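> Provide a 3D model corresponding to the input given below.
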Amino acid sequence: MHLSAEECPHCGMNLEHLDAMYKNFERRVRRPHDAAGILRVQQRRQVAKWIAKAEKAFPQLYFVVATVSLCDDQHIRSYGFWLMNRGEFEDIPESARADGCVLIVLDVNRKEVCLNFGYLLDYCVEEEDGFEALTGGHPYLIESNYMRAIEVMLGGTKRYVKKLRSIARKKQ
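Numbers count the residues shown, from 1 in each chain. Just a heads-up that it's a prediction; the model follows:
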């Protein structure tokens, strides 16, 4: 969303409305961002290692895995959109571009996942391909095996980003 726009021209999401909806949610984002509180210390360290490995392969990007526990009137897409636009990301690698975020959000209440991209890649993202990137982790998410779900979904996302990089190189 353009910084001066009042709402998204595609879906009509309004950041002012989302600010009110998520006013009690943490804006400060450390990676991984375990807002749902489901990961133990050692598990957070492992997820951080997986994130670092992804960023080594794509140094212009930064990857965020976020867990959240949403209420009935909140939706994972709106939360991901809000976090992308209002999150205060703390530990971004120096090589990463500000618009190079790749955000995976897992809602532990509904067992849903959402993939969001910053503007660097957003222009070439296809929703079906993003869905496919996350599909392999869905059975683990349903079983509440969050570590395996994160590992599989992050792997699928890395493969998808590799595909997006190939598309971007062809357009140059």
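> show me where this structure has strands.
With DSSP state E as the criterion, the chain has strands at 28-29, 33-34, 62-68, 88-89, 101-107, 112-117.
> between those strands, which one is nearest to residue 162?
Nearest to residue 162 among those is strand 101-107; the distance by C-beta to C-beta comes to 11.7 Å. The way it works is simple: take the backbone N, C-alpha and C, and place the C-beta from them, glycine included.
> what would the strands of the chain look like in TSV with mean pLDDT and distance to residue 22?
Shown next, in TSV, are the strands of the chain (pLDDT from 0 to 100; distance: least, C-beta to C-beta, whole Å):
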stretch	mean pLDDT	distance to residue 22
strand 28-29	97	13
strand 33-34	98	13
strand 62-68	98	9
strand 88-89	96	13
strand 101-107	98	12
strand 112-117	96	14
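> how about the helices in this structure?
15-21, 41-57, 76-86, 119-122, 127-135, 138-142, 146-171 (DSSP state H).
> of those helices, which approaches residue 100 most closely?
helix 119-122 (4.4 Å).
> who touches that closest one?
60, 61, 97, 99, 100, 102, 161, 164, 168 (C-beta atoms under 8 Å, 6 or more residues apart in numbering).
> repeat that for 7 Å
97, 99, 100, 164 (C-beta atoms under 7 Å, 6 or more residues apart in numbering).
> in this structure, what helix or strand scores lowest on average pLDDT?
Least confident helix or strand of the chain, by mean pLDDT, DSSP states H and E, is helix 119-122 with a mean of 87.
> picking up where we left off before, give the PyMOL command for selecting the buried subset of the contacts of helix 119-122.
Typed into PyMOL, the line below selects the buried ones among the contacts of helix 119-122, using 16 or more other C-beta atoms under 10 Å:
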select buried, resi 100+164
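> closest to residue 39 among the contacts of helix 119-122?
Nearest to residue 39 among the contacts of helix 119-122, with distances taken as C-beta to C-beta, is residue 100, at 24.1 Å.
> the closest one touches residue 118, doesn't it?
Yes - Residue 100 is within contact range of residue 118, at 5.4 Å (criterion: C-beta atoms under 7 Å).
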